[in-house]
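Engineer: Structure of the sequence below:
(chains A and B)
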Number of protein chains: 2
Amino acid sequence: MALKKKPVTGMRDILPAEMQVRDYVMDQIRRTYQSFGFTQIETPCVEHIENLTSKQGGDNEKLIFKILKRGEKLNLETAQEEGDLTDSGLRYDLTLPLSRYYANNAAQLASPFKALQMGNVWRADRPQKGRFRQFMQCDIDILGDASNMAEIELILATTSALGRICPDNAFMVRINDRGILRAMALHCGFPEDGLEHVFITLDKMDKIGEDGVRQELLADGFAPESVERYLELLSGAGDDAAGVRRLGETLSGVLPKTAGGLTSTENLAQIMETVSGVAVTDFRLCFDPTLVRGMSYYTGTIFEVSMEGFGGSVAGGGRYDRMIGKFTGIDTPACGFSIGFERIVTILMDQKQSAAVTVPKKAYLIEKGMDAKRLGEIMKQAMAERAGGAQVLVSQMNKNKKFQKEQLGKEGYTEFVEFYREALK
Amino acid sequence: MALKKKPVTGMRDILPAEMQVRDYVMDQIRRTYQSFGFTQIETPCVEHIENLTSKQGGDNEKLIFKILKRGEKLNLETAQEEGDLTDSGLRYDLTLPLSRYYANNAAQLASPFKALQMGNVWRADRPQKGRFRQFMQCDIDILGDASNMAEIELILATTSALGRICPDNAFMVRINDRGILRAMALHCGFPEDGLEHVFITLDKMDKIGEDGVRQELLADGFAPESVERYLELLSGAGDDAAGVRRLGETLSGVLPKTAGGLTSTENLAQIMETVSGVAVTDFRLCFDPTLVRGMSYYTGTIFEVSMEGFGGSVAGGGRYDRMIGKFTGIDTPACGFSIGFERIVTILMDQKQSAAVTVPKKAYLIEKGMDAKRLGEIMKQAMAERAGGAQVLVSQMNKNKKFQKEQLGKEGYTEFVEFYREALK
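Structural biologist: From the prediction side, this is the model:
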């Protein structure tokens, strides 16, 4: 009976060398976030289909792996549509399950609640290089804190983690606020009902450039005057806290206030100043008025981290004050930051950083047919070395010793001790 | 829009206190097994339905969560049976995926290959107390080693891990061999085609007792003479290596030989002597001729660990030399040991062992409306403490400060620093 050897489409086996890197990254993330008082939690990988399809997940809702109802509930004969066959699915992110978790357990959790989640999520994306249908997400979230202390802590924690994981890579945090984004567009005369459209176009800035954005907005029928004014405002904005405050003066009148009673710009300027003044990790923090971030659930601050020499972002997040209320009926301020775990692992693998190999790895190779008494002595020696902190593999010695050592070398073994039944001649 | 707050049937949210224990157990397991040279690997949680239903999984195959085919492949109109709707499912154990993994990647792995897996598995069991439909398994396996060095290493590694995790609980390893099991029954005159039946009954020994086993065997129509002889042989066997060797003399003629050329009893006696002579952890190791273990894939040695004061087993495993060959077409000796992760966590939670809390946990509580400059100073102080190894939570101060501290106390916070905007009056 031949069984299928390959993993299912779009998913993959993780080999030892990559697993070491993943383990190292997870460990650094866990340690760093715990030092900031984030509490690790876990939710089931399987979620109610009603929750997964509640419009919180945007396009991800099209990519759900749905699970067949069990037993009697599955009436294949009368089933008319997919919905009759399924009542659950694999989670496509960790934010929706966190909202459900908080709604379910709030009474037993500290408030504000600082959560750390590391777990797999599943999306039935079209398989392509570097994109997999099962991948790890790594999120921190602060629930129940409306003040910008949440943003400050999230940015400090995530940049600390990134700084530890990739000490040799320069990185940059870009920050914006959905309120500022709206105010800038309104200020330039775009109509309220056209804003979503404007932001979708703006979000392509890094791909199509300023000229591309101009043409797309004009093609969509927006007033040329608004478009020019907008592009000027965007390119003229300073990228530091002072620039944000100047922009605040320009926009005064259309700017919303945060729950803390500050204007969006003053709020953002304070976040930037405090983070810059406090951070112990070296990175660039700048205001980016073109930063949009796709998910519709963001309500305030948004941020994204990019790493020098690598396209795309390595982390991102923002404030989403209205999502938890969908479960609980009680509005709960929330803000989160997600590290692009798979991306970071890829970067480290590309750099061939032999992360985390701090313990010496030693292999005992034992000739076949060793008598039991001597084997016992050898094992005793291995146990003593392990007790002393070493990593000792005890293995039979293969006929092709050279190949065996090469394979072990790939796993990081640098020391080999060979045991023979009798003296070699 | 009200969403569902509870997890899906039979699965659960893991709260911070339990998560700490889980994290501690995982960490101890990972460290211990790594010191023995086991290499962590990971397989997708989703497996081909063909593999999951290939009769390797026994009753677990009835409990599979099946996943709907995606997109065009799902032809609801023409679907006649479940098989038309699904091409994958959630894994019900880690052994089947390991076999597929090894078949798929053997050329890139060391031989023998020592694998460590920690991951969730899913079984649609009827929900009941303490049993969940998603749970963690934690397995080590040695693939490609036919000698009893594999068994010795597995037992040493697992008992070392258990000794570290539960240093205050005495435990016992019971060991047997499928070959001895067969030889004993054949020796007593049971017919070859009745053996499976005999073992199913024998497996109930701890529930129904010797008398129960006798009655069931007689009721099944086995010769009274065979039954009596069998029960006498079982109860008369010594539980140490010497006892195993004496049994070997009794059974000589019907005993199979292992791949290493030893009789099953001599092989087992050597395992017992070597483990006892080498182990640095304190535990009892004994031969148990009534140990059966359910899974049909075991071919040789089998073992099980029980912990004093807790019913059932906390770990178990054995040799399964014919499973990998189902994938590869090439017989590959294999032996594994699985720690009952959820069971261990339950035991630790019951004992209220505040595991792993080695770092002091400190919470900064900050009055609302703190000005940005002073907030920056406070955060700087927190960052300095974190850099020094402390765990510092920075949180807004709630109106009900007492309740807030109690909730944080549940998470292990024992030190609170309060920051006010101005001197308290």
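
Engineer: which residues touch the closest residue to chain B within the stretch 1-150 of chain A?
Structural biologist: Here the residue of the stretch 1-150 of chain A nearest chain B is A:G37; by CB to the nearest CB that distance is 2.6 Å. The C-beta positions use only the backbone N, C-alpha and C, and glycine is treated the same way. Going by CB atoms under 8 Å, 6 or more residues apart in numbering or on different chains, A:G37 touches A:K114, B:K361, B:A363, B:Q391, B:V392, B:L393, B:V394, B:S395.

Engineer: mind listing what's buried in stretch A:118-133?
Structural biologist: Using 16 or more other CB atoms under 10 Å in any protein chain shown as the test for burial, stretch A:118-133 gives A:M118, A:G119, A:N120, A:V121, A:W122, A:R123, A:A124, A:F132, A:R133.

Engineer: how far out from the middle of the chain is the strand or helix carrying the second one?
Structural biologist: This means A:G119. Using DSSP states H and E, A:G119 falls within strand A:113-122. Centroid displacement of strand A:113-122 relative to its chain, using CA atoms, centre = their mean, to the nearest Å, is 9 Å.

Engineer: Report the mean per-residue pLDDT for that strand.
Structural biologist: For strand A:113-122, the mean per-residue pLDDT is 97.

Engineer: quick one: contacts for A:N148?
Structural biologist: For A:N148, the contact set (CB under 8 Å, 6+ apart) comprises A:T258, A:G260, A:L262, A:N267, A:Q270, A:I271, A:T274, A:T301.

Engineer: before we move on, what about A:L285?
Structural biologist: A:I155, A:M172, A:V173, A:I175, A:M272, A:V275, A:S276, A:A279.

Engineer: out of these, which one sits closest to chain B?
Structural biologist: Closest to chain B, out of all of the contacts of A:L285 and judged by CB to the nearest CB, is A:A279, at 7.6 Å.

Engineer: picking that back up, got a winner among the contacts of A:N148 for most neighbours?
Structural biologist: Greatest neighbour count in the contacts of A:N148, by other CB atoms under 10 Å in any protein chain shown, goes to A:N267: 28 neighbours.

Engineer: from the contacts of A:G37, which single one is nearest B:F327?
Structural biologist: When the contacts of A:G37 are compared for distance to B:F327 (CB to CB), A:K114 wins out at 44.6 Å.

Engineer: burial measure for that closest one, as a count.
Structural biologist: That count, for A:K114 with other CB under 10 Å as the rule, works out to 25.

Engineer: Next, work out how far apart the nearest residue to it once chain neighbours are set aside and A:V417 are.
Structural biologist: Distances taken as CB to CB, 6 or more residues apart in numbering or on different chains put A:F38 closest to A:K114, at 4.6 Å, once the chain neighbours are dropped. The gap separating A:F38 from A:V417 is 43 Å, by CB to CB, to the nearest Å.

Engineer: I'd guessed A:F36 sits against B:A387; true?
Structural biologist: No. A:F36 is not in contact with B:A387 according to CB atoms under 8 Å; the separation is 11.6 Å.

Engineer: Assign a three-state SS to the residue of the stretch 251-400 of chain A found nearest chain B, would you?
Structural biologist: Minimum separation of the stretch 251-400 of chain A from chain B (CB to the nearest CB) falls at A:L393, amounting to 2.6 Å. Classification of A:L393 using DSSP: H, G, I helix; E, B strand; the rest coil returns strand.

Engineer: Is the residue nearest to it when sequence neighbours are not counted part of a helix or strand, or is it coil?
Structural biologist: Nearest residue to A:L393, sequence neighbours excluded (CB to CB, 6+ apart): B:G37, at 2.6 Å. Following three-state DSSP, the label given to B:G37 is coil.

Engineer: ok, so what distance separates B:G37 from B:V25?
Structural biologist: Taking CB to CB, one finds B:G37 at 21 Å from B:V25.

Engineer: circling back to that earlier point, which one's more surrounded, A:F36 and B:A387?
Structural biologist: The neighbour comparison of A:F36 against B:A387 (other CB under 10 Å) goes to A:F36, with 23 against 11.

Engineer: so who does the more buried one touch?
Structural biologist: A:F36 makes contact with A:K114, A:E153, A:L156, A:A157, A:S160, B:R386, B:Q391, B:V392, B:L393, B:V394, according to CB under 8 Å, 6+ apart.

Engineer: again with A:V227
Structural biologist: Here A:V227 is in contact with A:C188, A:R214, A:L217, A:L218 (criterion: CB under 8 Å, 6+ apart).

Engineer: What subset of those residues is buried?
Structural biologist: By 16+ other CB under 10 Å, the contacts of A:V227 give A:C188, A:R214, A:L217 as buried.

Engineer: Can you lay out those residues as JSON lines showing secondary structure, pLDDT and distance to B:F283?
Structural biologist: JSON lines is the format used below for the buried ones among the contacts of A:V227 (DSSP: H, G, I helix; E, B strand; the rest coil; pLDDT from 0 to 100; distance: CB to CB, whole Å):
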{"residue": "A:C188", "secondary structure": "coil", "pLDDT": "96", "distance to B:F283": "75"}
{"residue": "A:R214", "secondary structure": "helix", "pLDDT": "96", "distance to B:F283": "74"}
{"residue": "A:L217", "secondary structure": "helix", "pLDDT": "96", "distance to B:F283": "73"}
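
Engineer: List the beta-bridge partners for A:Q396.
Structural biologist: A:I366 (DSSP bridges).

Engineer: In this structure it contacts A:K368, no?
Structural biologist: Yes. Applying CB under 8 Å as the test, A:Q396 and A:K368 come out as touching, 5.8 Å apart.

Engineer: Those two - which one has more neighbours?
Structural biologist: A:Q396 (21 against 14).

Engineer: The residue of the stretch 251-400 of chain A closest to chain B and A:Y364 touch, don't they?
Structural biologist: Yes. A:L393 lies in contact with A:Y364 (CB under 8 Å); the separation is 6.8 Å.

Engineer: Which residue of the two possesses the greater neighbour count?
Structural biologist: Shown here are A:L393 and A:Y364; by other CB under 10 Å, A:L393 has more neighbours (24 against 21).
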